[in-house]
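1. Output the structure for:
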Amino acid sequence: MVRSPSFTLLMPLLLMGTLALVCSQECSDDPATSLVDQLVGLVGERAARTCDVCSGVVMTTVEGVSAEVRAAKEEHQKELSDVRELVHSVQEESQREREGTNVKLEELMSEIAAVSQDANNNLTTVAQELRSDIENLKTMLENIQTFIKGGARTSRDAPSTCADNQVMLASMGYLAPVESGKYENNTDCTWVIERPPGYKIKITWLMFALERCTDCKCDYVEIWDGTSTKELIGGRRFCGYLDPPTMTSTSNRVEIKFHSNSSGNYAGFKIKYESVED
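-> Okay, here's the model as predicted:
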């Protein structure tokens, strides 16, 4: 069996609904309600003014922040522009330095090429001089070998007498067909005097007496100057009884030849030779 709600429980609810209906109909003209409305309006107006003030402060703050932001941005732009200018300046300076380095490098390469060419030229000259010296040394060696086989003398005092192709090693010495007396008929003698490069040979006649013939066809002495290209010193042979003049070679090699025919023999000659610096 369903039981109905208790009356005591329903009564409060009914009273509250009735009061609410009466309040909605009767409170509109109540002075208290009007006061409440005024208070609400006053509070709303003040709140509105307060909001306006707050809005102004906020706007001022926002504008200040915006101004600072703009200033900071302008400063940043200026600094960025300065940095760009600095970078551009550094790039230009670097470019100039590279161009200068390239120029200096080209100059250095040109100097190196010139030095290399000079060195090659000097080496070529030195090589030619060395080859010439080697040829001279070979000639001297051959002459020395010939001298050793011939047994010629090179004493400073005793003259080197007649023999075939004698090589004189001493820097100074004497030459003669014979040490004393008269030279023999049908005789041919050759002396080779050779000194190192840079020296010449001086010849002094201490005694001279040969058979005298036209153009020195009988007995004669010839002095040849040089190696491959020989020249006759004085341009002629020497014979007769007058001492030839003192003579100096133009090279470091002299070849002296003596010849006697089948008739007439005399005291001959005596030569002093010595090497002198070129």
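2. From Thr246, how far off is the residue nearest to Asp278 when sequence neighbours are not counted?
-> Using C-beta to C-beta, 6 or more residues apart in numbering and skipping residues adjacent in sequence, the residue nearest Asp278 is Gly198, 5.1 Å away. In this view, the C-beta of every residue, glycine as well, is placed from N, C-alpha and C. Going from Gly198 to Thr246 by C-beta to C-beta, to the nearest Å gives 21 Å.
3. and what of Glu92?
-> Counting by C-beta to C-beta, the gap from Glu92 to Thr246 is 80 Å.
4. now the strands for the stretch 151-278 of the chain?
-> Taking DSSP state E, counting those that start in this stretch to define them, one finds strands in the stretch 151-278 of the chain at 166-168, 172-175, 187-194, 199-209, 220-225, 231-232, 247-248, 253-260, 268-277.
5. Relative to Gly181, which of the ones you listed is closest?
-> Evaluated over the strands of the stretch 151-278 of the chain, closeness to Gly181 peaks at strand 268-277, with 8.8 Å, by C-beta to C-beta.
6. Can you list the strands that that closest one pairs with?
-> Looking at strand 268-277 with DSSP bridges, its partner strands are strand 172-175 (antiparallel), strand 199-209 (antiparallel).
7. is it possible to export those to TSV including mean pLDDT and distance to Gln77?
-> Output for the strands paired with strand 268-277, formatted as TSV (pLDDT from 0 to 100; distance: least, C-beta to C-beta, whole Å):
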stretch	mean pLDDT	distance to Gln77
strand 172-175	92	100
strand 199-209	95	89
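8. So for Ala119, which of those sits nearest?
-> The nearest among those, by C-beta to C-beta, is strand 199-209 at 30.0 Å.
9. quick one, the closest one and strand 253-260 angle?
-> Interaxial angle of strand 199-209 relative to strand 253-260 (axes from the mean of the first three to the mean of the last three C-alpha atoms, to 10 degrees): 20 degrees.
10. contact partners of strand 199-209?
-> The contact list for strand 199-209, computed with C-beta atoms under 8 Å, 6 or more residues apart in numbering, reads 174, 193, 195, 223, 238, 240-254, 256, 266-278.
11. coming back round to it: give me the phi and psi angles of the residue nearest to Asp278.
-> Phi and psi for Gly198, reported as degrees, to the nearest 10, are phi 100, psi 0.
12. What is the neighbour count of it?
-> 9 (other C-beta atoms under 10 Å).
13. now the closest residue to Thr250 other than its chain neighbours, which residues is it bridged with?
-> In space, and not counting its chain neighbours, Thr250 is closest to Asp225: 5.7 Å by C-beta to C-beta, 6+ apart. Beta bridges link Asp225 to Glu231, Val254, judged by DSSP bridges.
14. In this structure His259 contacts Tyr220, no?
-> Yes. Assessed by C-beta atoms under 8 Å, His259 is found in contact with Tyr220 at 5.8 Å.
15. domains for this structure, by residue range?
-> Domain assignment for the chain by automatic domain parsing gives 34-150, 152-277.
16. Could you say which of those is packed most deeply?
-> domain 152-277 (a mean of 17; mean count of other C-beta atoms under 10 Å).
17. gap between that domain and the chain center?
-> 56 Å (C-alpha atoms, centre = their mean, to the nearest Å).
18. Let me have the strands of the stretch 151-278 of the chain in a markdown table, extended by distance to Asn122.
-> Listed next are the strands of the stretch 151-278 of the chain as a markdown table, based on distance: least, C-beta to C-beta, whole Å:
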| stretch | distance to Asn122 |
| --- | --- |
| strand 166-168 | 34 |
| strand 172-175 | 36 |
| strand 187-194 | 28 |
| strand 199-209 | 25 |
| strand 220-225 | 31 |
| strand 231-232 | 32 |
| strand 247-248 | 32 |
| strand 253-260 | 27 |
| strand 268-277 | 25 |
